[in-house]
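Trainee: Sequence plus the predicted model coming up.
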Amino acid sequence: MCGICGFIGEVKDSKTVLKKMMDKIAHRGPDDEGMYVDGYAAIGHRRLSIIDLSHGAQPMYNETGEIAIVFNGEIYNHLDIRKELIEKGHVFSNESDTECLIHAYEEYGTEMLAKLRGMFSFVLWDSKNKTMFGARDHFGIKPFYYSQVNGTFVFASEIKAILEFPGFEKKVNIAALEQYLSFQYSVLPESFFQGVYKLPAGHYMILKDGKLEIERYFDPMMEPQESGDLEQTVSEIEEVVHDTVDAHMIADVEVGSLLSSGVDSSYVVSEFPGEKTFTVGFLDKQSKYNEIRYAEGLVEELKKKNFSKNIDSDEYFDSIATVMYYMDEPLADPSCIALYFVDQLAAEQIKVVLSGEGADEFFGGYNIYHEPLSLKGYQKIPKCIRKGLAKIAAIMPDVKGRDFIIRGSKSVEERFIGNANMFSVKDREKLLKTELTHMSPQEVVSTTYAKVKHLNDIAKMQYIDTNFWLQGDILLKADKMSMAHCLESRVPFLDVEVFKYAKTLPIEFRCNEEATKRAFRIAAKRHIPEKTANKKKLGFPVPIRVWLKEDKYYNKVMKTLTSDAAKQFFNTDILVKLMEQHRAGKADNSRRIWTVYVFLVWYHVYFETEDFKPINSEWIKNRIKTA
């Protein structure tokens, strides 16, 4: 796991520029650094040593030195690809997966991507042909940002490195803020910084003669079978899970695992051969916001070790600015801050952790996936009648059944944009003082929905989540929070081999009236306690709704929501009303308040602070010094 950055174009004092960019992402790779500069291309690398500790330094080159690569990630099947390439006459000089990518490019060109099993973002520079080839992995596990600055192509694992490039003008992308208020994460191709873009998952790019071309090489399309044998399917899932966890253990350093109270991480822990697990919680151990007692019970049964930490409210709030700094863009998912602490806990002992992300998207695990089943009977009523009832319900008080009637009047394309939907278009347009695009969330996801007209509603929802929520929230926080502590996070369920199997599961084996992740949970029961396998999806429970009612944090957040920065973007009287309603218990506005609050914290870090220092900066410095 590493950090990459660089630029293609003639730049004055290019080595100094590249070094400044590399220093900004030193936390991603404290063990080593390297750069390649040839007068037209400059590519840099910060290394966290995981595989081939002695010979894996980057940039790495082919035999002639004409091709150089910087690579962030792991290729889990590189030994198989290596064997194939050797048979074709390629000569290797080390055991790293990085060198495998160079020879695969020489042999297969862009078709090499179809052979890779792993997580990656990389840039390969062919100096002979003056061509840059870059790519991002199938599901977006590793980040890849790019920009064009005065005719020069600039790229990096994190936006903060691009901000160091001479001539880049830092401006807020107001269109990103508009959509963020609904999605809770940065959903547009252009980031929160004007002119900085994200290479989407499953895409590659080629830059030649100043022309940039971007192509999709992988589409996570669901292909559910109509029926199947449940017992056989469960046994096959067991094999798939065992194989992927085993593949993700490849490392020359110790591997641990994150552990919550849920089925996904618990199943991973039951399969992985290591012994160290890591958990965080809030309030006391008996609280619904504390997963430590579940973790302790599981590791006792599995004869492993658990290291845990209780996060207090001051720690949590004090870390928000640091988390937003590492995230690069605002993310209103409260769990990203909890993830910051559990990764910090793990990094004190190890370099690599496994995590359970991806099982919900692939196997049908989110609670919202029940909705098409619960609405099925109601939607037999003619649509015109349902629409009429929804209009009446919309002006009624928020009583039980109101949301059911409103959502039941809509198709899945109209009601589902992913796992978060904070502000409606109407509400965000009242709230924002900025220039508006008036683009609805439904318009943002519409082209993706257009590709899955033929699918069942549950499969449609999975496809939307895989293309949006997974990339924009789940995987981004997993990468950024682990890398903030020089830690590599691996996600065994987000594997192309797992997807090849999961995409064909019959809908009834994904989600039915009784359970989400139905077949997956049955498989998990064979390895972990039944109560854990059956546990309802919680996410990462964080008690912000409780804290926002306490004087200390109510006042702290209110001060930010009524600041000069807030008045620049928002009609703050609406924010004050949301806070007052929440504190009085008239409505749970915690998530909407949080969405605005963390944006303002992010804005303070990147636009109101001259040189922000994260709270773990000394720890990072010491980590680099002792490398």
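Mentor: Nice, thanks for sending it over.

Trainee: any idea how far residue 544 is from residue 366?
Mentor: Spatial separation of residue 366 from residue 544 under the definition Cβ to Cβ, to the nearest Å is 20 Å. C-beta here means a position set from N, CA and C on the backbone, and glycine is covered the same way.

Trainee: In terms of helices and strands, where is residue 316?
Mentor: helix 313-327 (DSSP states H and E).

Trainee: Show residues contacting that helix.
Mentor: Here helix 313-327 makes contact (Cβ atoms under 8 Å, 6 or more residues apart in numbering) with 27, 160, 282, 330-331, 336-338, 340-341, 476-477, 480-481, 483-484, 542, 547, 550, 552-553, 556, 598, 601-602, 604-606, 612, 614-616.

Trainee: Show me what whichever helix or strand comes after it packs onto, helices and strands only.
Mentor: Using DSSP H and E, the helix or strand that follows helix 313-327 in sequence is helix 335-347. Packed against helix 335-347 by the contact rule (3 or more Cβ pairs under 8 Å, 6 or more residues apart in numbering; DSSP states H and E) you find strand 255-258, strand 276-282, strand 305-311, helix 313-327, helix 475-483.

Trainee: Now these in a markdown table, please, with extra columns for mean neighbour count, distance to residue 573 and mean pLDDT.
Mentor: What follows is those, written out as a markdown table (neighbours: other Cβ atoms under 10 Å; distance: least, Cβ to Cβ, whole Å; pLDDT from 0 to 100):
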| stretch | mean neighbour count | distance to residue 573 | mean pLDDT |
| --- | --- | --- | --- |
| strand 255-258 | 24 | 41 | 96 |
| strand 276-282 | 24 | 32 | 94 |
| strand 305-311 | 18 | 33 | 94 |
| helix 313-327 | 19 | 24 | 97 |
| helix 475-483 | 25 | 32 | 97 |
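
Trainee: so can I have JSON lines of those showing distance to residue 196?
Mentor: Formatted as JSON lines, the helices and strands packed on helix 335-347 follow (distance: least, Cβ to Cβ, whole Å):
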{"stretch": "strand 255-258", "distance to residue 196": "29"}
{"stretch": "strand 276-282", "distance to residue 196": "31"}
{"stretch": "strand 305-311", "distance to residue 196": "31"}
{"stretch": "helix 313-327", "distance to residue 196": "14"}
{"stretch": "helix 475-483", "distance to residue 196": "14"}
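
Trainee: out of those, which comes closest to residue 104?
Mentor: helix 475-483 (23.4 Å; Cβ to Cβ).

Trainee: Could you tell me the angle between the closest one and helix 335-347?
Mentor: On the basis of axes from the mean of the first three to the mean of the last three Cα atoms, to 10 degrees, helix 475-483 is oriented at 30 degrees to helix 335-347.

Trainee: Show residues contacting helix 475-483.
Mentor: Outside helix 475-483, the residues that reach it (Cβ under 8 Å, 6+ apart) are 1, 3, 27-28, 139-143, 158, 185, 323, 326-328, 331, 333, 335-336, 339-340, 343, 347, 353, 355, 357, 488-489, 491, 494.

Trainee: Stretch 73-88 too?
Mentor: 1-2, 50-51, 92, 96-97, 100-101, 103-104, 107, 115-122, 137, 141-142, 247-248, 250, 488, 490, 495.

Trainee: Following element in sequence after the host helix or strand of residue 21, please.
Mentor: Element membership of residue 21 [criterion: DSSP H and E] is helix 14-24. Once the chain leaves helix 14-24, the next helix or strand it forms, by DSSP H and E, is strand 32-37.

Trainee: then that following strand to PDB, C-alphas only?
Mentor: Taking C-alpha atoms only, strand 32-37 is exported to PDB below (Å, rounded to 0.1, in the frame of the first residue of the first chain):
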ATOM      1  CA  ASP A  32      10.600   4.700   1.400                       C
ATOM      2  CA  GLU A  33      10.200   7.200  -1.400                       C
ATOM      3  CA  GLY A  34      11.300   7.400  -5.000                       C
ATOM      4  CA  MET A  35      10.900   9.400  -8.100                       C
ATOM      5  CA  TYR A  36      11.400   9.300 -11.900                       C
ATOM      6  CA  VAL A  37      11.900  12.600 -13.800                       C
END
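
Trainee: Paired strands for the next helix or strand after it, with orientation please.
Mentor: Next helix or strand after strand 32-37 toward the C-terminus (DSSP H and E): strand 41-47. Note on strand 41-47: by DSSP bridges, its sheet partners are strand 2-8 (antiparallel), strand 32-37 (antiparallel).

Trainee: Tell me where the stretch 301-450 of the chain has helices.
Mentor: Listed in chain order, the helices of the stretch 301-450 of the chain (DSSP state H, counting those that start in this stretch) span 313-327, 335-347, 359-363, 371-375, 383-394, 402-408, 412-415, 425-431, 441-450.

Trainee: quick one, helices of the stretch 451-600 of the chain?
Mentor: Using DSSP H, counting those that start in this stretch, the helices of the stretch 451-600 of the chain run over 457-467, 469, 475-483, 496-502, 507-510, 518-525, 530-533, 544-547, 551-561, 564-569, 572-584, 590-603.

Trainee: now those in JSON lines, with distance to residue 209?
Mentor: Formatted as JSON lines, the helices of the stretch 451-600 of the chain follow (distance: least, Cβ to Cβ, whole Å):
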{"stretch": "helix 457-467", "distance to residue 209": "31"}
{"stretch": "helix 469", "distance to residue 209": "37"}
{"stretch": "helix 475-483", "distance to residue 209": "32"}
{"stretch": "helix 496-502", "distance to residue 209": "32"}
{"stretch": "helix 507-510", "distance to residue 209": "47"}
{"stretch": "helix 518-525", "distance to residue 209": "48"}
{"stretch": "helix 530-533", "distance to residue 209": "56"}
{"stretch": "helix 544-547", "distance to residue 209": "51"}
{"stretch": "helix 551-561", "distance to residue 209": "48"}
{"stretch": "helix 564-569", "distance to residue 209": "41"}
{"stretch": "helix 572-584", "distance to residue 209": "50"}
{"stretch": "helix 590-603", "distance to residue 209": "37"}
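
Trainee: Just give me the residue closest to the centre of this structure.
Mentor: Centroid check for the chain by Cα atoms, centre = their mean gives residue 475 as the closest residue, at 1.7 Å.

Trainee: In this structure, where's the longest helix?
Mentor: Ranked by residue count and defined by DSSP state H, the top helix of the chain is helix 230-247.

Trainee: now the helix holding residue 21 against strand 41-47, angle please.
Mentor: Compare the direction of helix 14-24 with that of strand 41-47 by the same axes, to 10 degrees and you get 30 degrees.

Trainee: what does helix 14-24 rub up against?
Mentor: For helix 14-24, contacts defined as Cβ under 8 Å, 6+ apart pick out 3, 5-7, 11, 33, 35, 37, 39, 42-46, 156, 158, 160-166.

Trainee: Just the buried residues from these, in ChimeraX please.
Mentor: Remark: buried members of the contacts of helix 14-24, expressed as a ChimeraX selection using 16 or more other Cβ atoms under 10 Å:
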select :3,5,6,7,11,33,35,37,42,43,44,45,46,156,158,160,161,162,163,164,165
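
Trainee: Give me the buried entries from the contacts of helix 313-327.
Mentor: 27, 160, 282, 330-331, 336-338, 340-341, 476-477, 480-481, 483-484, 542, 547, 553, 598, 601-602, 604-606, 614, 616.

Trainee: Just the buried residues of the longest helix of the chain, please?
Mentor: Buried residues in helix 230-247, counted by 16+ other Cβ under 10 Å: 233, 234, 236, 237, 238, 240, 241, 243, 244, 245, 247.

Trainee: need the residues you listed in CSV with pLDDT and distance to residue 372, can you?
Mentor: Putting the buried residues of helix 230-247 into CSV (pLDDT from 0 to 100; distance: Cβ to Cβ, whole Å) gives the following:
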residue, pLDDT, distance to residue 372
233, 97, 21
234, 97, 23
236, 98, 25
237, 98, 23
238, 97, 28
240, 98, 25
241, 97, 26
243, 97, 31
244, 98, 28
245, 97, 31
247, 95, 33
